[in-house]
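>>> 3D, please:
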Amino acid sequence: MLSILDRYFLRELGQTMAATAIVLVTVLAGSTFAHVLQQVANGSYPASVMFQVLGLNMLDGLSNLLPLSGYVGALWAMGRMYRESEMHVLASSGMGARGLFRPVAMLAVGIALAVGVVSLWLGPWASSTSAALIDAANRSVIAAGLDAGRFTELPGKDGVIFVDSLSRDGSQLGRTFIATERKSGDGTVHLRLITGKHGQLFQESDGEGRFLGLRDGWQYDVPLGGDNWRRIRYQGNDASLSNVQDDGDDNNPIHNVDTLALTRTDSNEARAELAWRVGSPVMALVLMMLSLPLARQNPREARYGRLLLAVLAFFLYYNLLALCNGQISKGHWHGSGPMWLVSLVAFGIGAWMFRNQYQPRRVRAAAGASA
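Coordinates of the predicted model:
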């Protein structure tokens, strides 16, 4: 049965954590949207799946966002209570360390469970689904930003293409015009013009190369500055479309592997990925433990002094975990023991600081007391 103080702390901490999470999600949405929009402009994603990829990427990022939002929310809520002397009044009324620790521990367990679900299941599912959407989109010319009735730059800046009509899925083209440039061995720039009555996009058997097959048209080879033009009539002509290379952050196949399958994969990258997924819920618990002593403030203390110290503690702890994870992925360490050691030390430091804050002070003997 929850007491009145427990319900009060849960309400104040929960509301502040929810508000912090909304702000962080908004920031994450803005940065993710800018990144996805850049990929759409480069031809990696079609505009039709842009918002699906955005939502899936945001869902994947919750495993790092939820621990941070709980940490900052707890710091902000308890810091306000300290500044407004609520905590001092409650302490003078008999509330000890256990009265504050119990509601924070309940919220910490809830956040850790949510982070565990995201990091072990929802995150890999969202990442693999996003990759599947992109792979399916790359089989369509819509992935190049192609739109009927206007000139469009080909992926990789290989030239421009114009079509007068497109099928619904973007795989079938009507009348098509392509203009590309190439440089010959003697340094002469050649302009190649290709026309076709209709076309179709297809891929190699390995799924890597993309080609545009045109039918029933003409091909012109025009050397700039020369008069030796060539014209060829064809029944079939396959033109290569360069695949757009995604950024390195988007090209991590091991992140798309299911957690159960990851446990059966024996590689450095798999061990590092599994260690990070399992360690994410632990990170949420450690951060909530650190928030208890770092949130304590005096009424006249600078408002953001402790908050700055808490942010520095978070970055130190997070970077140490990332450093250990990087050593595992490189094969220098073959187990996740160092990551657990860092989390255990950080949790111990937070528990020791919290215990000292609520430990009764020793009464000093009066100076010059009479014998």
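>>> If you drop the residues flanking it in sequence, what lies closest to residue 102?
Leaving aside its sequence neighbours, residue 102 sits nearest to residue 6 (CB to CB, 6 or more residues apart in numbering; 6.2 Å). Just so you know, the C-beta spots here come from the backbone N, C-alpha and C atoms, and that holds for glycine as well.
>>> Now the strand or helix carrying that neighbour: average pLDDT?
Using DSSP states H and E, the element containing residue 6 is helix 4-42. Here helix 4-42 scores 86 as its mean pLDDT.
>>> Burial check on the residue nearest to residue 102, number of neighbours?
14 (other CB atoms under 10 Å).
>>> How much space separates it from residue 99?
Applying CB to CB, to the nearest Å, the value for residue 6 to residue 99 is 8 Å.
>>> how about the strands in the stretch 101-250 of the chain?
152-153, 159-163, 172-173, 176-183, 189-203, 210-223, 230-241 (DSSP state E, counting those that start in this stretch).
>>> JSON lines for those, including mean neighbour count, distance to residue 129 and mean pLDDT?
Putting those into JSON lines (neighbours: other CB atoms under 10 Å; distance: least, CB to CB, whole Å; pLDDT from 0 to 100) gives the following:
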{"stretch": "strand 152-153", "mean neighbour count": "16", "distance to residue 129": "27", "mean pLDDT": "74"}
{"stretch": "strand 159-163", "mean neighbour count": "20", "distance to residue 129": "29", "mean pLDDT": "83"}
{"stretch": "strand 172-173", "mean neighbour count": "20", "distance to residue 129": "26", "mean pLDDT": "82"}
{"stretch": "strand 176-183", "mean neighbour count": "16", "distance to residue 129": "32", "mean pLDDT": "84"}
{"stretch": "strand 189-203", "mean neighbour count": "17", "distance to residue 129": "20", "mean pLDDT": "83"}
{"stretch": "strand 210-223", "mean neighbour count": "17", "distance to residue 129": "22", "mean pLDDT": "85"}
{"stretch": "strand 230-241", "mean neighbour count": "14", "distance to residue 129": "25", "mean pLDDT": "82"}
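>>> export these to TSV and tack on distance to residue 50?
Formatted as TSV, those follow (distance: least, CB to CB, whole Å):
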stretch	distance to residue 50
strand 152-153	16
strand 159-163	21
strand 172-173	22
strand 176-183	25
strand 189-203	20
strand 210-223	20
strand 230-241	20
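>>> To residue 306, which of these lies closest?
The closest of the strands of the stretch 101-250 of the chain to residue 306 is strand 152-153. By CB to CB, the value is 52.1 Å.
>>> Which elements pack onto that closest one?
strand 159-163 (3 or more CB pairs under 8 Å, 6 or more residues apart in numbering; DSSP states H and E).
>>> The same query, at a cut-off of 6 Å, please.
Contacts defined by 3 or more CB pairs under 6 Å, 6 or more residues apart in numbering; DSSP states H and E place strand 152-153 against no helix or strand at all.
>>> The helix holding residue 6: which residues count as buried?
Residues of helix 4-42 classed as buried by neighbour count (16 or more other CB atoms under 10 Å): 9-10, 12-14, 16-17, 20-21, 24-25, 28, 32, 35-36, 39-40, 42.
>>> Quickly list the domain ranges of this protein.
As recorded under automatic domain parsing, the domains making up the chain are 4-137+249-357, 144-242.
>>> which of those has the lowest average pLDDT?
Mean pLDDT is lowest for domain 144-242 among the domains of the chain, at a mean of 78.
>>> What distance do you get for the residue nearest to residue 28 when sequence neighbours are not counted to residue 31?
Nearest residue to residue 28, sequence neighbours excluded (CB to CB, 6+ apart): residue 61, at 5.5 Å. In this view, residue 61 and residue 31 are 9 Å apart by CB to CB.
>>> Likewise for residue 56?
As for residue 56, its distance to residue 31 is 15 Å (criterion: CB to CB).
>>> again, but for residue 275
Separation of residue 275 from residue 31 (CB to CB) stands at 26 Å.
>>> In contact with residue 19, which residues?
If you count contacts by CB atoms under 6 Å, 6 or more residues apart in numbering, residue 19 has none.
>>> when you give positions from now on, start the count at 20
Sure, I'll start numbering at 20, so the last one becomes residue 38.
>>> Name the residues of stretch 75-86 that are buried.
Judged by neighbour count using 16+ other CB under 10 Å, the buried positions of stretch 75-86 are 75-86.
>>> Show me the residues you listed that map onto helices.
Of the buried residues of stretch 75-86, the ones assigned to helices by DSSP state H are 75-79, 81-86.
>>> wait, which of the strands of the stretch 120-269 of the chain is closest to residue 326?
strand 171-172 (47.0 Å).
>>> Okay, now the sheet partners of the closest one, with direction.
Sheet pairing for strand 171-172, assigned by DSSP bridges, gives strand 178-182 (antiparallel).
>>> hey, C-alpha coordinates of the strand it pairs with in PDB?
Taking Å, rounded to 0.1, in the frame of the first residue of the first chain, the C-alpha atoms of strand 178-182 are listed here in PDB:
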ATOM      1  CA  GLY A 178      23.300  12.700 -64.800                       C
ATOM      2  CA  VAL A 179      19.600  13.600 -65.200                       C
ATOM      3  CA  ILE A 180      16.500  11.600 -66.100                       C
ATOM      4  CA  PHE A 181      13.100  12.600 -67.400                       C
ATOM      5  CA  VAL A 182      10.000  10.400 -67.700                       C
END
